[in-house]
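Asks: Coordinates only, no sequence provided:
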């Protein structure tokens, strides 16, 4: 049986009392550095890893009421971190394919040709790297809009509902975010 860290004991006691703020605080005290180190190891870039680590703790906060103690807190937290890092990498890959091959192409058309030369593969890697850096420079709302529209494939109407704004407002914000991202990538 795994020994509990003192902060784990505090977190579990807080969960039993349904004091989720206290439980989250204890988990952050116990695991913040470990989650950040894990995200850095998985993602490679400190700034992005910090953002994803914050997302991990938001996900923990949202999932705390449903923690069933089927695993240790450490295992549960690292599984959440693993999924958040994997989701981030998938999203970056999808954005990379989308911008490498043009926004208006379908995903099927955007698949790389296995017969591409090594030079083409290097160019695609460089393009993906420029994309990662450009995405990191966008405001969070701009990244969210592009992600909802291109990755989640939500309609402009659905996005407008989420933000409680007019469809035309969302359409213009998506266009502005696209142009900003393209400018950053070509700079």
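Replies: Arrived safely. All figures in this text were calculated on a predicted structure; none of them were measured in a lab. Numbering: from 1, shown residues only.
Asks: From here on, just use CA atoms for contacts and neighbour counts.
Replies: Will do.
Asks: Give me the pLDDT for residue 155.
Replies: pLDDT, residue 155: 87.
Asks: Now it. Its backbone dihedrals?
Replies: Reported as degrees, to the nearest 10, the phi and psi values for residue 155 are phi -70, psi 160.
Asks: Residue 145 is in contact with that one, correct?
Replies: No - the criterion here is CA atoms under 8 Å, and residue 155 misses it with residue 145 at 10.8 Å.
Asks: Quick one: mean pLDDT for stretch 86-97?
Replies: What stretch 86-97 shows for mean pLDDT is 72.
Asks: Any idea how many residues pack against residue 74?
Replies: By other CA atoms under 10 Å, the residues close to residue 74 number 17.
Asks: Can you name the secondary structure element that comes next after the helix-or-strand element of the chain with minimal mean pLDDT?
Replies: Here the helix or strand of the chain ranked lowest by mean pLDDT, DSSP states H and E is helix 118-137, holding a mean of 73. Next along the chain after helix 118-137, taking DSSP states H and E as the criterion, comes helix 140-146.
Asks: list the buried ones in whichever helix or strand comes after that following helix?
Replies: Next along the chain after helix 140-146, taking DSSP H and E as the criterion, comes helix 156-163. For helix 156-163, the neighbour count (16 or more other CA atoms under 10 Å) marks 156, 159-160 as buried.
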